[in-house]
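Asker: Structure here, sequence nowhere to be found:
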């Protein structure tokens, strides 16, 4: 198996698995209990909270454990909008956000909120001038992703945060694809809410966190007990929280090395593609995006067919569009970048690298693409 879809999810690090297993065996006490085993379990959770906070230069009290990036995004957007609706009902986001941002925005529109969807250029960047022009007296929240999950483009987060801080408008960023590769400082970048998920950094699925400034009083998104300082009811998933913390520690420890490894793989892939004589164009802000994501247009080669041919050879990746029930649904990201009639949405692939990938795997993939291209265009 050759796995080139690390932007979708990552294999769990064996050291993370060991921590989870240890916790499953030892941390069975309810962390809300007052007896010894419950207090010890609580200590592990608070240790993890400090690790998460330190990773983004926050304070532990501002970290809320969640089940995933989607829950973090939903909580940040919906809870904030409901908390501030007396102040205003205008929200701003971009046209290329993850669906866990776009769908909550659409839900709030059914409740009487107004949402402005900022356009992007052909590299996937929003324009600060567009954001400034969209701001209104009743704007209460702006949600702009840190790094795009399909094309890897990085947004000017610090610039956005500074602008919004000056106008006293809350700023949320979906940092799921950026956390681990980018240096994040919520204070320096004036970020009020930030979403992270463990399974993008070789941690387990089903755990994430939401950073929210402690002076921002959000209503509960999940009602019940008083866990997470009365912000999220439900007994904490201690084994996965500890596994997530271990994944964060290892990711930050090896970040520079891992980033360079992924850049080298990305550059080798592109040079190999050129040598093979396969025409392509890059979708996104290469080489300025996150190091692990490479999205490219292969003119005339339909992505749905390519994915099937790759899967038959044990090569796993994704497209710039999603296949659902056998039909091709064009990528909303590529449509926003290039227009709805542009063929890129149906002829693009996303290759996302992990540090375990090799140049030999890339050679195998390039050879397959060259074979497919030759069969398709060999007689032309």
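Answerer: Everything's here; your move. Worth saying up front: this structure is predicted, and the values here are computed from it rather than measured.
Asker: contacts and neighbour counts: CA atoms only from here.
Answerer: Fine.
Asker: Show me where the protein dips below the pLDDT cut-off.
Answerer: For the chain, the stretches with pLDDT under 70 are 320-328, 379-380.
Asker: go again using 80 as the cut-off
Answerer: Scanning the chain for pLDDT under 80 picks out 217-221, 226, 229-230, 233, 320-329, 377-380.
Asker: Domains in it, by residue range?
Answerer: Domain ranges of the chain: 14-253, 255-377, per automatic domain parsing.
Asker: For residue 6, which of those is the nearest?
Answerer: domain 255-377 (5.1 Å; Cα to Cα).
Asker: Take the domains of the chain and write them to a markdown table, including mean neighbour count.
Answerer: A markdown table is the format used below for those (neighbours: other Cα atoms under 10 Å):
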| stretch | mean neighbour count |
| --- | --- |
| domain 14-253 | 20 |
| domain 255-377 | 18 |
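Asker: which one of the ones you listed lies closest to residue 3?
Answerer: domain 255-377 (5.0 Å).
Asker: How far off centre is the closest one?
Answerer: 18 Å (Cα atoms, centre = their mean, to the nearest Å).
Asker: Pull up the distance across that domain, start to finish.
Answerer: Terminal residues of domain 255-377 lie 41 Å apart, using Cα to Cα, to the nearest Å.
Asker: Tell me who's in contact with the residue lying closest to residue 207 once chain neighbours are set aside.
Answerer: Leaving aside its sequence neighbours, residue 207 sits nearest to residue 67 (Cα to Cα, 6 or more residues apart in numbering; 4.1 Å). By Cα atoms under 8 Å, 6 or more residues apart in numbering, residue 67 lies in contact with 206, 207, 208, 209.
Asker: Take these and write them to a markdown table, including distance to residue 357 and secondary structure.
Answerer: Compiled in a markdown table, the contacts of residue 67 are given as follows (distance: Cα to Cα, whole Å; DSSP: H, G, I helix; E, B strand; the rest coil):
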| residue | distance to residue 357 | secondary structure |
| --- | --- | --- |
| 206 | 25 | coil |
| 207 | 25 | coil |
| 208 | 25 | strand |
| 209 | 28 | strand |
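Asker: for the stretch 251-380 of the chain, what spans make up the strands?
Answerer: 281-283, 293-297, 315-316, 318-319, 322-324, 327-329, 348-352 (DSSP state E, counting those that start in this stretch).
Asker: Residues in contact with stretch 208-228: which ones?
Answerer: By Cα under 8 Å, 6+ apart, stretch 208-228 touches 32, 61-69, 72-73, 75-76, 79-80, 82-83, 192-198, 230-236, 244.
Asker: Show me those residues that map onto strands.
Answerer: 63, 64, 65, 66, 193, 194, 195, 196, 197 (DSSP state E).
Asker: ok, so of the residues you listed, who is nearest residue 351?
Answerer: For these, the nearest to residue 351 is residue 197 (19.9 Å; Cα to Cα).
Asker: give me the beta-bridge partners of the nearest residue to that closest one once chain neighbours are set aside?
Answerer: Leaving aside its sequence neighbours, residue 197 sits nearest to residue 208 (Cα to Cα, 6+ apart; 4.2 Å). Counting by DSSP bridges, residue 208 is bridged to residue 66, residue 197.
Asker: what ranges do the helices span in the stretch 1-150 of the chain?
Answerer: 14-26, 36-55, 69-74, 80-84, 99-109, 128-134 (DSSP state H, counting those that start in this stretch).
Asker: ok, now which ones touch residue 350?
Answerer: Contacts of residue 350 by Cα under 8 Å, 6+ apart are 5, 150, 151, 293, 294, 295, 296, 317, 318, 319, 320.
Asker: So it versus residue 287, what's the distance?
Answerer: For residue 350, the distance to residue 287 - Cα to Cα - is 15 Å.
Asker: One more: residue 195?
Answerer: 24 Å.
Asker: and what of residue 104?
Answerer: The value you get for residue 104 to residue 287, if Cα to Cα is used, is 31 Å.
Asker: What of residue 329?
Answerer: 27 Å.
Asker: Can you add distance to residue 223 and give the contacts of residue 350 back as CSV?
Answerer: Formatted as CSV, the contacts of residue 350 follow (distance: Cα to Cα, whole Å):
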residue, distance to residue 223
5, 35
150, 34
151, 36
293, 37
294, 40
295, 40
296, 44
317, 38
318, 37
319, 38
320, 37
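Asker: just checking, residue 172 is part of a strand?
Answerer: Yes. Counting by DSSP: H, G, I helix; E, B strand; the rest coil, one finds residue 172 located in a strand.
Asker: In this structure it contacts residue 78, no?
Answerer: No. Shown here, residue 172 and residue 78 do not form a contact pair, counting by Cα atoms under 8 Å, at 11.5 Å.
Asker: Please enumerate the shared neighbours of those two.
Answerer: In contact with both residue 172 and residue 78: no residue, using Cα under 8 Å, 6+ apart.
Asker: Let's have the ones in strands among the contacts of stretch 208-228 in a markdown table, adding distance to residue 166.
Answerer: Converted to a markdown table, those look like this (distance: Cα to Cα, whole Å):
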| residue | distance to residue 166 |
| --- | --- |
| 63 | 24 |
| 64 | 26 |
| 65 | 29 |
| 66 | 30 |
| 193 | 16 |
| 194 | 19 |
| 195 | 22 |
| 196 | 25 |
| 197 | 29 |
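Asker: what's the first-to-last distance across stretch 171-190?
Answerer: 8 Å.
Asker: for that stretch, the distance to its chain's centre please.
Answerer: 10 Å.
Asker: Relative to residue 224, how far out is residue 32?
Answerer: 13 Å.
Asker: wait, what's in contact with residue 10?
Answerer: 199, 200, 201, 202, 203, 354.
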